[in-house]
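Student: A predicted structure for the sequence below; I have some questions about it.
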Amino acid sequence: MVQRLQQEGLSDERVLQALITVPRHEFVDSALAIQAYEDTSLPIGHGQTISKPSVVGRMIAMLFGGATARQQGRLGRVLEIGTGCGYQAAVLAELSRQVVSIERLRPLHDKARLNLAKMRSPSQIRLIYGDGRLGHSQAAPFDSIIAAAGGEDLPPAWLAQLAPGGRLIAPMVSPGGRGQILVVIDHLVESGVSRFVRTEHEAVLFVPLKSGVM
Ligand code: SAH
């Protein structure tokens, strides 16, 4: 799978290595395990999906373009919104100091806990049951923020919890209202003044970002 992603243009060695390290089949039902190394999203129950590996790889590679990550060669303190089955959290843990990952569906939050307990470095990952639109102010600020569900607006808490030099990446309903695109926000500081710079990227397809918990 990783070789194919590389041939298709994913070139960041650190990300490729992390994708090699994390066994994706451990995060899906055993009936789907034979499809775990295809570049496709798969159902994980409760109407949700495990993200497509090429998109996980692409988004994490883009996080490395943030000022702090570029400087340190690591993603630092990471906030993930939408834990799902925990796969991306495990990949992020290979590349960062700490991962805080939030899920709004209790059964998936519990499932991720079980899945991640089998991994090598579960201690670096903090799973939170809650509404990810609020972020997790207790552990803020974050050097990297990554959303795995697409909303119509950017929750203000995410910008408030993004450290200077940090980068956020999220799927968002495109301004025309048709489909989703990836949006990157960089928190830059020049002469002591903060500003947020937004760039828009390719079309993507993620489950919707919802409010509240269930
Ligand atoms: N990161 C996962 C992808 C899971 S799909 C992976 O590794 O493949 C996205 C998840 O986002 C779903 O489980 C969904 O329940 C969750 N989600 C949607 N809105 C949310 C919110 N406001 N807060 C937290 N999680 C949310």
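Tutor: Everything's here; your move. Numbering: from 1, shown residues only.
Student: part of a strand, is Leu188?
Tutor: Yes. Under DSSP: H, G, I helix; E, B strand; the rest coil, Leu188 falls within a strand.
Student: partner residues bridging it?
Tutor: Arg195 (DSSP bridges).
Student: was I right about it contacting Ser194?
Tutor: Yes. Applying CB atoms under 8 Å as the test, Leu188 and Ser194 come out as touching, 7.3 Å apart. Heads up, the C-betas are built off the backbone N, CA and C, glycines and all.
Student: ok, the two, which is more surrounded?
Tutor: Remark: of Leu188 and Ser194, Leu188 carries more neighbours, 16 against 11, as counted by other CB atoms under 10 Å.
Student: look up how far Met62 lies from that one.
Tutor: Separation of Leu188 from Met62 (CB to CB, to the nearest Å): 16 Å.
Student: do the same with Pro141
Tutor: 19 Å.
Student: can you check Ser194 too?
Tutor: Taking CB to CB, one finds Ser194 at 21 Å from Met62.
Student: near the ligand, which residues of the protein show up?
Tutor: 48-51, 81-85, 87-88, 102-105, 108, 131-133, 148-149, 207, 209-210 (CB under 6 Å from any ligand atom).
Student: now those: which count as buried?
Tutor: Those of the residues of the chain next to the ligand that meet the buried threshold are 48-51, 81-85, 87-88, 102-105, 108, 131-133, 148-149, 207, 209, by 16 or more other CB atoms under 10 Å.
Student: please verify my assumption that Gln124 contacts Glu94.
Tutor: No. Applying CB under 8 Å as the test, Gln124 and Glu94 come out as separate, 9.1 Å apart.
Student: between these two, which one's more packed in?
Tutor: Shown here are Gln124 and Glu94; by other CB under 10 Å, Glu94 has more neighbours (21 against 18).
Student: verify the contact between the more buried one and Val22 for me.
Tutor: Yes. Shown here, Glu94 and Val22 form a contact pair, counting by CB under 8 Å, at 6.8 Å.
Student: where does the prediction get shaky in the chain?
Tutor: Scanning the chain for pLDDT under 70 picks out 121-123.
Student: all strands of it, in order?
Tutor: Assigned by DSSP state E, the strands in the chain fall at 42-45, 48-50, 77-81, 98-103, 125-129, 142-147, 162-173, 180-190, 193-204.
Student: by contact count, what packs against the shortest one?
Tutor: Which is strand 48-50. For strand 48-50, the elements it packs on are strand 42-45, judged by 3 or more CB pairs under 8 Å, 6 or more residues apart in numbering; DSSP states H and E.
Student: restricting to C-alpha, output the strand it packs on in PDB.
Tutor: As requested, the backbone C-alpha atoms of strand 42-45 are provided in PDB (Å, rounded to 0.1, in the frame of the first residue of the first chain):
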ATOM      1  CA  LEU A  42     -13.900   1.600   5.000                       C
ATOM      2  CA  PRO A  43     -16.900   1.500   7.300                       C
ATOM      3  CA  ILE A  44     -16.200   1.500  11.100                       C
ATOM      4  CA  GLY A  45     -19.800   1.400  12.300                       C
END
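Student: mind listing what's buried in it?
Tutor: By neighbour count on 16+ other CB under 10 Å, the buried set for strand 42-45 is 42, 44.
Student: that strand pairs with which strands?
Tutor: Counting by DSSP bridges, strand 42-45 is paired with strand 48-50 (antiparallel).
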